[in-house]
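Colleague: Generate a structure from the sequence data that follows.
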Amino acid sequence: MRNFLQKTPVRISLAIFAALWLLCAAGFYGFYAAAFAHLQANKPNELQNRSELEVFYAPLVLRVGDEFSSEDLLGYFGESGYEFSENETAGNYFAFKNSVKFTPRSAVFPGGEIVFEKYRIRRIFSNGQTVEKIEIEPLPMRSFIKYVKDESLREQRVRRVVLSADAIPEPLADAVISAEDSRFYSHNGIDVFGIGYRLITLRGGGSSITQQLIKNNVIKGAKEEFWQTYLGFLPEIIQRKVMEIPFALAAEEMLDKNQILAAYLSMIPLAASEGVELHGVVTASQEYFGKPVSELTLSEAAMLAGMIHRPSVYVNSARRDDYEKLSGRRNRVLDLMRRNFPEKYSPEMIENAKNEPLEFVFASKQRTERPADAYSRLFSAYIANNLPENLAEIRDTEGNLQIYTTLDYHLQKSATQIAEKSIAELSRKVSAECLRQKPQNVDCQTVKPQIALVAMEAETGAILAMFGGQSLEFNFAAARRSPASAIKPFYYLAALESGIWNGKPFTPETIINPETDSVAFLPTNNIGETSSAAVGLAKSFNFHAVAAAESVGIEKAVRFVGKLTNSNPEKTGMSAIGGSKGSETTLLDLVAAYTIFANRGVSVKPVPHKFYLQNDKKFPFPRGKAERFASPESTMQIMEMLKLALSKNGTAPDFKRRADLPDKTEIGGKTGSGMVADLWFFAVTPKIVIGVWVGLPENEIRLEQNQGFTGGKTASPIAAEFLKTLQKSNPDLLR
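Modeller: Residues are numbered from 1 along each chain as shown. Prediction:
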């Protein structure tokens, strides 16, 4: 009995320990089972707790006979984040002697092979047959990521390209594993030895790559999930640490190592550039090294892997041309690679990599060869802020929404480069003009002009190019400005529809004489001379425009033009020359209004969206809203009058020569030169409308016409240069 009593406390302790162990095991198994079920419903390698709006350019359409080289196509695929490989898996391409074979990432787009002959497309194969044209998967713009459950987490503007599991370059994989999780391939999601070592040495970290994926992709932003319900009494950081273990184990059951590593490398934040956060190694490689991840050197792979530790610190140092911290970190990663993979990396290879010079290219700031999204950031913001109602609702729920836009990459790139070059040239002229005028309280060094350019398909309203100025945030294509003489064709159109002048119907041949005719509002400048209405519009005479408006009746004319241009002009003759209060409108609205002359009386609203994908299903967007404002006869007459503006007696006589347009090209134009600092030009063809605005956002000084600041001399050359590109890349739009 004494022996039994002596052993009882030990037995009780063992029983309690066993019960606690069983309870913990049951609890852990319960959490593991719940974690596994959660990941089955919410894939760990896809974004969770977030809605992601991905914005893309329009698909690249290639036709047999197009002037397009294999080098052009290889560059396009490299920009898209495709990988060069003979393996015919999603997101890969391969070049033969005179052809390029490719497999798209999205099943919506066909794969195929394109055969080239010199610099033209000779043949296209797709789905086992010859075709005349093919749609190539488009280039990405920005992504907009919103945490839908946790409002305390801000929305992110992101550039992100998903890296497929079979496209991870071996040196990069080795570098990241060496830097972040050296036992990645040997543990089952939890690096017990790593955690133990860090606890003993009192060093932080120890999370495996799988745990980091779970932390950033599953737990971050979660609200009212099962673990928060049962572990709500614990601080959030402890909740997270507790749940990382069963989640990591479950993830390793569901995905293989390469899938986990690819997901991690596609989502890891790697600092920001030009206000856009870079997520994943693909976009970071493009931005910092100007190349795809498949072309990274051993030194660059180690550098990129080392940045994961403290990306903003290293990038900010590089911006100051201080590479000391990054050099040390890179060399540390290279040493780890040598230790972890001695059979792959010899001492000589490591030493050569350490001696490689360090330099970031910061591609977004380059004038040429920038990432595709660097040309379209204002446009992608315009897309995100102008979603149709049904898509705006989808954004507030979890999931991925892919918007494929109307923007043509080559036209957008051209518009950006032309406009930026013009801004640089114009800045010097504006500074000289400012110094000449010597305005009070104005620092001439800070007076900076801006340019906006929009090209729109007339029939559909599709925006093919939109440059909104050199601003990271403000889009001058959507800014309300004084339209000046660019508004005049619409008052002439109203007059042709129902105007009466000197007792007769208003026509292009109507003679207007400023000396003998009378108007209620008499302009003070550019009154003009006796001429027909057609010549009056071609030479942009102010008296003639007021006469056209008053022939209809000012109230009726203003109402017509206000509705057409989305403005609210004052009921005065000054509205006919674009100078009255309320006449302000946007470049986008004016381009849409000018489609009335291409569409024979029908104005089409701008459309930035082509189609969208959700859950691999394709949903098209309708064309731009069309509304008839005038008869075909009247608008055709205005179109003929606009052609005169580009003749030797018009306000833009050099336009067709500058644009290298054949004489037979059917094109009209209109200039506009504001009272202060707004210069305009619009070009209209049967298929496309191009609009350009040049101005000073703050109106610091007057851009005097007698100093050469006119729509014809300042804005029209920009449109002409853009038309040169259009003729090469989209010649059908001018036929």
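Colleague: What ranges does the stretch 401-550 of the chain have for its strands?
Modeller: Using DSSP state E, counting those that start in this stretch, the strands of the stretch 401-550 of the chain run over residues 450-457, 463-467, 500-501, 504-505, 511-512, 531-532.
Colleague: Reformat the ones you listed as CSV; add mean neighbour count, mean pLDDT and distance to residue 213.
Modeller: Using the backbone N, CA and C atoms, a C-beta is placed for each residue, glycine as well. Compiled in CSV, the strands of the stretch 401-550 of the chain are given as follows (neighbours: other C-beta atoms under 10 Å; pLDDT from 0 to 100; distance: least, C-beta to C-beta, whole Å):
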stretch, mean neighbour count, mean pLDDT, distance to residue 213
strand 450-457, 27, 98, 42
strand 463-467, 28, 97, 37
strand 500-501, 16, 97, 74
strand 504-505, 12, 97, 74
strand 511-512, 20, 98, 74
strand 531-532, 18, 97, 73
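Colleague: out of those, which comes closest to residue 183?
Modeller: Ranking those by proximity to residue 183 (C-beta to C-beta) places strand 463-467 first, at 50.0 Å.
Colleague: I'd like to know which elements that closest one is packed against.
Modeller: Where contact means 3 or more C-beta pairs under 8 Å, 6 or more residues apart in numbering; DSSP states H and E, strand 463-467 is packed against helix 377-385, helix 409-437, strand 450-457.
Colleague: from the ones you listed, which stretch is densest packed?
Modeller: Of all these, strand 450-457 carries the top mean neighbour count, a mean of 27, counting by mean count of other C-beta atoms under 10 Å.
Colleague: Going by contacts, tell me the helices and strands next to that strand.
Modeller: helix 409-437, strand 463-467, helix 587-598, strand 688-695, helix 716-729.
Colleague: To residue 701, which of those lies closest?
Modeller: Minimum separation from residue 701 across the helices and strands packed on strand 450-457 (C-beta to C-beta) falls at helix 409-437, 5.2 Å.
Colleague: Who are the packing partners of that closest one?
Modeller: Under the contact criterion of 3+ C-beta pairs under 8 Å, 6+ apart, helix 409-437 touches strand 450-457, strand 463-467, helix 716-729.
Colleague: and of those, who's closest to residue 228?
Modeller: strand 463-467 (43.6 Å).
Colleague: That closest one vs helix 587-598, what angle?
Modeller: Here strand 463-467 runs at an angle of 140 degrees relative to helix 587-598 (axes from the mean of the first three to the mean of the last three C-alpha atoms, to 10 degrees).
Colleague: Pairing partners for strand 463-467, with directions?
Modeller: Strand 463-467 pairs in its sheet with strand 450-457 (antiparallel), by DSSP bridges.
Colleague: What angle do helix 409-437 and the strand it pairs with make with each other?
Modeller: Going by the same axes, to 10 degrees, strand 450-457 makes 150 degrees with helix 409-437.
Colleague: Quick one, which of the helices and strands packed on strand 463-467 gets closest to residue 658.
Modeller: The nearest among the helices and strands packed on strand 463-467, by C-beta to C-beta, is helix 409-437 at 11.9 Å.
Colleague: Using the three-state scheme, assign the closest residue to residue 676 other than its chain neighbours.
Modeller: Ranked by C-beta to C-beta, 6 or more residues apart in numbering and with sequence neighbours excluded, the top spatial neighbour of residue 676 is residue 699, at 5.0 Å. Judged by DSSP: H, G, I helix; E, B strand; the rest coil, the three-state class of residue 699 is coil.
Colleague: Just the endpoints, please. Distance across stretch 610-623?
Modeller: The first and last residues of stretch 610-623 sit 8 Å apart, counting by C-alpha to C-alpha, to the nearest Å.
Colleague: and if you look at stretch 40-56?
Modeller: In stretch 40-56, first residue to last residue: 29 Å (C-alpha to C-alpha).
Colleague: and if you look at stretch 473-486?
Modeller: One end of stretch 473-486 sits 26 Å from the other (C-alpha to C-alpha).
Colleague: what does stretch 505-522 give?
Modeller: End-to-end for stretch 505-522, by C-alpha to C-alpha: 22 Å.
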